[in-house]
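Colleague: Quick one, fold the following:
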Amino acid sequence: MRTIALISAVELRRLFRERSNYFFVFIFPLALVVVIGSAVSGFDPTVALVAPDALDANPTVARLVDDLESIDGVDVVRVDTRQDALEDLRREDVAALVVVPDDAADRVDVGEQVTVEYLATPDSGGTGLRSLVEAVLEEQAAVLRAGRLAAEEGVGSVGEGIDVALRLAPESGAPRVDVVEPDGTPWSERAGATSLVAAQQLVLFVFITGLTSAAALIRIRELGVVRRMLAAPIPSRDVLLGSAGGRLLTNLFQGLYILVVTALLLGVDWGDLGASLLVTLLFGIVATGAAMLVGALFDNESQASGASVFLGLVFGAIGGCMVPLEVFPDTLRTVAHVTPHAWAVDAFTEIVLEGGSYGDVATELVVLAVYGAVLFAAASVVLRRAIVR
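Modeller: Just a heads-up that it's a prediction; the model follows:
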């Protein structure tokens, strides 16, 4: 065991000797979590509101403006002129614009219809905001209709009728959306896009880091390090296990680094920590078996490095590390689960987003264990032959 531990420690130290690893192990994964997480989460859409300040003197128009400005999840900015708002829309600084006409107050006072203009480009995301704006307009339109009806019944002016209508039926305020779990409980705040992206990047980089470390197996064979170890009283089994231990320590270091740093710096909640660590361990074993297999099948270090990056990216893309599996068609989702990545992503999704624990991801854990055992067994046979040769 001491020999295996020494060989494993040497393999881990090799990770820190190469300066290029500092960027790909420490900086690049976090950068992707931040960038992709921000892109997936998106930012609150901005709507330009053209409504002269003078209109605020009319209570009905003022309520309309206030409700538009208080729509949940939407940033509303007041713009002086329609032309300025159009320029902002063309530059995609805003997702949509709403124009309240200058004569809105006069029309409301006499109970006339007021036409509010809404403009958005098809690719700005403003099309989806239209329903929220329409809900606000419909609410105030109902108040105006009630006031007009009251005025017709002899209450007084339209404004006085609106006051009566509001006293009888208080306004409900701006529309809101309540997001709940399937069982009706409030949606957990930890269920953010950044958490899912962090899990995806952990799976992606543990596998890529593991595969790229396969080049070291070829290098020590080329330099004769394996021959010198075998010349000493060290059985090939210890050399094999020591090399596997080094790969596993490297993979686990990468996974734990992403897990810890994203939790501390980005506020990612990894849910049941024990379950997340177990998924990381099992997937690290999978990556170790794959790395050893690549290191045994290739005799050229540059070819192994190129194949490792290619396979890591392809398996990551198919396995849901770059795009959530939920957006895949049914057939492609089935194909994705040929890779261990999809099972690891499923496990993290259940733990991180759904608050699951060991029992909820039992199937995924068993599948990852089987993947690791099969890859490690195949790699052991092939690598033993390569070492002896």
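
Colleague: Contacts for the host helix or strand of residue 67 next, please.
Modeller: Assigned by DSSP states H and E, residue 67 falls within helix 59-69. With contacts defined as Cβ atoms under 8 Å, 6 or more residues apart in numbering, helix 59-69 is touched by 47, 49, 51, 55-56, 76, 98, 100, 104-105, 108, 133, 136-137, 139-140, 143-144, 147, 159, 162, 171, 173-174. Just so you know, the C-beta spots here come from the backbone N, C-alpha and C atoms, and that holds for glycine as well.

Colleague: In strands, which of those residues fall?
Modeller: Using DSSP state E, the subset of these located in strands is 47, 49, 76, 98.

Colleague: now the residues you listed in a markdown table, with neighbour count and pLDDT?
Modeller: A markdown table is the format used below for these (neighbours: other Cβ atoms under 10 Å; pLDDT from 0 to 100):
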| residue | neighbour count | pLDDT |
| --- | --- | --- |
| 47 | 26 | 84 |
| 49 | 19 | 84 |
| 76 | 20 | 84 |
| 98 | 27 | 89 |
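
Colleague: Tell me, please, the helix or strand in the chain that averages the lowest pLDDT.
Modeller: Ranked by mean pLDDT, DSSP states H and E, the helix or strand of the chain with the weakest confidence is helix 225-231, at a mean of 61.

Colleague: Please determine how far the nearest residue to residue 24 once chain neighbours are set aside is located from residue 28.
Modeller: Leaving aside its sequence neighbours, residue 24 sits nearest to residue 209 (Cβ to Cβ, 6 or more residues apart in numbering; 7.5 Å). The spacing between residue 209 and residue 28, counted by Cβ to Cβ, to the nearest Å, is 10 Å.

Colleague: In a strand, residue 114, correct?
Modeller: No - checked against DSSP: H, G, I helix; E, B strand; the rest coil, residue 114 lies outside a strand; its state is coil.

Colleague: what's around it, how many residues?
Modeller: Per other Cβ atoms under 10 Å, the neighbour tally for residue 114 reads 19.

Colleague: Show me the shaky parts of this structure.
Modeller: Residue ranges of the chain with pLDDT under 70: 1-22, 37-44, 55, 73, 122-128, 165-166, 168-193, 220-241, 386-389.

Colleague: where along it do the strands fall?
Modeller: For the chain, the strands defined by DSSP E cover 46-50, 75-79, 96-99, 117-119.

Colleague: Report all helices and strands that the first one contacts.
Modeller: Which is strand 46-50. Packing partners of strand 46-50 (3 or more Cβ pairs under 8 Å, 6 or more residues apart in numbering; DSSP states H and E): helix 59-69, strand 75-79, helix 82-90, strand 96-99.

Colleague: ok, now the second one?
Modeller: Based on contacts counted as 3+ Cβ pairs under 8 Å, 6+ apart, the elements that strand 75-79 packs against are strand 46-50.

Colleague: what about dumping the CA coordinates of the strand it packs on to PDB?
Modeller: Only the C-alpha atoms of strand 46-50 are listed here, as PDB (Å, rounded to 0.1, in the frame of the first residue of the first chain):
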ATOM      1  CA  THR A  46     -35.800  46.200 -19.800                       C
ATOM      2  CA  VAL A  47     -38.800  48.000 -21.200                       C
ATOM      3  CA  ALA A  48     -38.700  51.600 -22.200                       C
ATOM      4  CA  LEU A  49     -41.700  53.600 -21.000                       C
ATOM      5  CA  VAL A  50     -42.600  56.800 -22.800                       C
END
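
Colleague: which neighbours does it have in its sheet, and in what orientation?
Modeller: Here strand 46-50 is paired, per DSSP bridges, with strand 75-79 (parallel), strand 96-99 (parallel).

Colleague: which residues sit against the shortest one?
Modeller: Residues outside strand 96-99 that contact it (Cβ under 8 Å, 6+ apart) are 45, 47-51, 68, 79, 82, 85-86, 88-89, 116-120, 124, 126, 129-130, 133.

Colleague: ok, now with 7 Å
Modeller: Here strand 96-99 makes contact (Cβ atoms under 7 Å, 6 or more residues apart in numbering) with 47-50, 68, 82, 85, 89, 116-120, 124, 126, 129, 133.

Colleague: In PyMOL, how would I select just the buried ones from the contacts of helix 59-69?
Modeller: Command for PyMOL that selects the buried part of the contacts of helix 59-69, burial taken from 16 or more other Cβ atoms under 10 Å:
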select buried, resi 47+49+51+55+76+98+100+104+105+108+133+136+137+139+140+143+144+147+159+162+174
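
Colleague: Restricted to helices, list the contacts of helix 59-69.
Modeller: Taking DSSP state H, the ones among the contacts of helix 59-69 that sit in helices are 104-105, 108, 133, 136-137, 139-140, 143-144, 147, 159, 162.

Colleague: ok, which pair from these is furthest apart?
Modeller: The span of the ones in helices among the contacts of helix 59-69, defined through Cβ to Cβ, is set by 133 and 159 at 24.2 Å.

Colleague: circling back to that earlier point, from the chain's centroid, how far away is the helix holding residue 67?
Modeller: 36 Å (Cα atoms, centre = their mean, to the nearest Å).

Colleague: got it, and stretch 60-71?
Modeller: Distance of stretch 60-71 from its chain centroid, counting by Cα atoms, centre = their mean, is 33 Å.

Colleague: Flag every buried residue along it.
Modeller: For stretch 60-71, by 16+ other Cβ under 10 Å, it's 60-61, 63-65, 67-69, 71.
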